[in-house]
Structures are given as C-alpha cells and as structure tokens.
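Trainee: give me the fold of what follows.
(one chain, ligands or ions: 2)
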Amino acid sequence: MALTILDPLAAAIDAIDDVAQEGELGAQSRELATVEHDLELVELPDGRRIYPPRVFGERIDDVALNLLDLDDPAESKFLRLVGPPGTGKSQLARVIAYRLWQKRGREVGERHGQPFYGFVEVTGGPTSDSYSPFVCEFVPSREDGGNVRMVDSAFIEAMVNGWTVMIDEANAINVMALLSLNAVFDGRLSLYSPAEGRSVVAAPGFTTLLAYNPGLLGGSDLPSAYYSRFPATLEVTSYWPALLELGAPEALVNAARTLDTRRLNGDDGLVWTPQFREIEALHAMMTRVGERTALALFVSNLAERVGSGDVQAAEAEAACRMLDEAGYAPYKVSARSQVPALGGYPRAVTR
Ligand SMILES: Nc1ncnc2c1ncn2[C@@H]1O[C@H](COP(=O)(O)OP(=O)(O)O)[C@@H](O)[C@H]1O
Ligand SMILES: [Mg+2]
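Mentor: Ligands and ions are numbered 1, 2, ... in the order given. Now for the predicted structure:
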C-alpha cells in the first residue's frame, strides 16, 4: 500500500519525461543539438575582430540586448558572465556595448586616446574600500600642486551618461567596495556621488555587466543584491569555432575542446583547462618559433602556474595529455633523459 501512495508522484514524473521525449520538447532539444551556424564577425572600432558566441543558436549579443530596457534601466535584466580567464568574457562585453551603442544611433567617439563606444571597465582588488573604485576616485590636481581631488568614478559617469560598465573580476574585489553599490543594485539604480554632493540616477541606456571566474581560489562570494540585479547568468566557454577560423590547428582545438567539456561536466575536479587565450597564444608561438620551442614555452608557463598554486598539478597533467591527443607526443622526452619536463614535455630551460 505504501508503494501506491508514493507511486502517483513517480508516475507524474514519468509522464512528464514521456511528453518531453515524444512531444515538442524532445524534438526541439534534438534540433538544437544539431544546428550549425556560420560564424559572424564583429569588428570593434579599435580593430579587434570578435566572433560572438551563441547560446541555443542565438547570438549572445542579441540575447543581451533583448534583456535590456533602454528607456528604464531599472527594468533591465543584467548579465553575469562567469567562466575561467581567457574564455572571452571581456571581448563579449565589448561586443554587447558596441551593438548597444549602434542600436542607440550613437557615433563612435574618443576617450583617453581610444575609440569610445560607451564602454567602461571597473575593477578593484583586496584593498578597495567603500568609496573607491565605484563611488569616487582621487586624482592629483594640476591646479593645486600635489593635492588630490575627488572625482566621479567611471561607474557614476556610466550611470549619468547611460553607458555600459563592466565590473571585472568581481569576486576578487574587497566586499566593502562591492557593498558600496548595494544601494544601486537593490533599488532604483541610484547612488550618492560625494564628488558632486548629490544622488545620481542611471540614465536611459545604462547597462552593467559582471564578469568573474567562480573557480577563483580565495575568491569571495558576491553580496546577495548582486545576484538579484544580475539574474541572467551566462557560463562563458571558449568559442572554439572562432579559434579554428583564426587558423589554429584543428587537432589542437579539438583536444582543447574535449578537455574543456570534461571541466564543464565536473569531471575529475578540473577547475581550469587551457582556454581560448592560451591556445591562441600557443598557436601564435608555434607559427613564430616552431612547434618544439613553442610547446616548451607553453609547458614552462604551466609549470610556473603549478608552482604558484594558480593551476593544480592534475590540471597541468590533463593539459599535457591534451597535447598528446593533439598529436605532439613525438616531442616528449623519456624520464631517463634527465631533461626538465612536465608531463613528458621538455620545459624551456636555457643552458
Ligand atoms: N569569440 C571570440 N572571437 C575572437 N577572439 C576571441 C573570442 N573569445 C576570445 N577571444 C580571444 O581570446 C582572448 C581572451 O579573451 P578575453 O575576453 O580577454 O577573456 P576573459 O575576459 O574571459 O579573460 C582575447 O584577447 C581574444 O584574442
Ligand atoms: Mg577579462
């Protein structure tokens, strides 16, 4: 009898699964898995060439723009970009800002000698406090020899002018500094500016993005207001098709992609695997100094990161097996050779 009391729940779950299998849900997920898209290129005004990655076939920059309310930024759903370093979070933020700038019909200008399209970055560190870097900054005053002057932070400037601001490496910033934005993130996007002595409210067009690596060792938890203001969480992974487009060897890209998939699936406790930036750099070094030297430079970089605790020994070994899979095993040396090596690959040691 006890079984029949529990059964209706199990039966309901089975029924839901059956519907998903037979009906639209199942058909749709099969379709999404097989759709291939042409790469589309966005050329940023500063010359960077970015291929925006996709989620379920839709360009991320389109998704990001659709989450925004251009008239009332307080109604916008802001994006949280999470992922290891070198996956493309900063590039993606730039593409989003540029697309938004174009959509609003703005001209590319200039700021600090660089092309400007309404994009600013703010980051801090363990010594940031409840003013800096988000509320105000202190700059030496030219008129008043040696004294410092309080000016609006880039964050406040972005609020006032309706720009996109990316808070980078958010979980490496002192929590005191993050809390200074609580008034912005748990309310109507307003903040008191000590430099101007008044409260400012985010102007139409204002957008903010958070970016960080959740796997950062010693990283802090974000204040809860941040989670509610940035409900749209995007797990950014390296966009491997773009790397192929840039001419990186297919076997290397495939091996990196396979290893990265294991990380994403939580296999073997891998938190770090080589990402877009590392594989792009390895490819560039191979083109310039040849495979053998480039591999040694790559491996010495790995060895140092293991030494500093930035990369775990098991992650470095997995990266070396990735090189095996990519077909570079002939460059390995035997343990008897006494050549300093990591995972069998000789390190770049001068002698
Ligand atoms: N989608 C992409 N298209 C073109 N290049 C990319 C792309 N994603 C990453 N890259 C390259 O990888 C590097 C690292 O990207 P970045 O945005 O700085 O990573 P993150 O901010 O996640 O650390 C960039 O300098 C760029 O060369
Ligand atoms: Mg970055």
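Trainee: closest point of this structure to ligand 1, which residue?
Mentor: When distances are taken as CB to the nearest ligand atom, the chain reaches nearest to ligand 1 at residue 88, 2.6 Å away. (C-beta placed from N, C-alpha, C; glycine too.)
Trainee: any idea of the pLDDT on that residue?
Mentor: pLDDT, residue 88: 97.
Trainee: enumerate every residue touching it.
Mentor: Contacts here follow CB atoms under 8 Å, 6 or more residues apart in numbering; on that basis residue 88 touches 50, 53, 236, 238, 239, 276.
Trainee: if we use 7 Å, what do you get?
Mentor: Shown in contact with residue 88 (CB atoms under 7 Å, 6 or more residues apart in numbering): 53, 236, 238, 239, 276.
Trainee: quick check: residue 342 touching residue 318?
Mentor: No. Residue 342 lies out of contact with residue 318 (CB atoms under 7 Å); the separation is 11.8 Å.
Trainee: one step back: now, the contacts of residue 88 that are in helices?
Mentor: The members of these that map onto helices under DSSP state H are residue 276.
Trainee: now the contacts of residue 88 as a markdown table including neighbour count and distance to ligand 1?
Mentor: Formatted as a markdown table, the contacts of residue 88 follow (neighbours: other CB atoms under 10 Å; distance: CB to the nearest ligand atom, whole Å):
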| residue | neighbour count | distance to ligand 1 |
| --- | --- | --- |
| 53 | 23 | 6 |
| 236 | 25 | 6 |
| 238 | 25 | 7 |
| 239 | 21 | 4 |
| 276 | 26 | 4 |
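Trainee: check what pLDDT residue 122 gets.
Mentor: 94.
Trainee: could you number the chain from 648 rather than 1 from now on?
Mentor: Yes, from this point I'll number from 648; that puts the last item at residue 769.
Trainee: thinking it is in contact with residue 782, fair?
Mentor: No. Between residue 769 and residue 782 there is no contact under CB under 7 Å: 10.8 Å.
Trainee: what's the overlap in contacts for these two?
Mentor: residue 800.
Trainee: and the gap between the spatially most central residue of the chain and residue 774?
Mentor: In the chain, the C-alpha nearest the mean C-alpha coordinate belongs to residue 736, at 2.8 Å (CA atoms, centre = their mean). From residue 736 across to residue 774, the span is 23 Å (CB to CB, to the nearest Å).
Trainee: what does the stretch 648-797 of the chain put close to ligand 1?
Mentor: For the stretch 648-797 of the chain, the residues in contact with ligand 1 (CB under 6 Å from any ligand atom) are 697, 698, 700, 730, 732, 733, 734, 735, 736, 737, 738.
Trainee: contacting residues for the first one?
Mentor: Residue 697 is in contact with 689, 691, 738, 742, counting by CB under 7 Å, 6+ apart.
Trainee: could you rerun that using 10 Å?
Mentor: By CB atoms under 10 Å, 6 or more residues apart in numbering, the contact list for residue 697 reads 687-691, 708, 735, 738-739, 741-742, 745, 886, 889.
Trainee: go through these and name the one nearest residue 994.
Mentor: The shortest approach to residue 994 among these belongs to residue 735, at 28.2 Å (CB to CB).
Trainee: ranges for the helices of this structure?
Mentor: 649-669, 671-681, 707-713, 736-750, 801-808, 822-826, 829-832, 871-876, 887-892, 897-911, 923-936, 938-955, 960-970.
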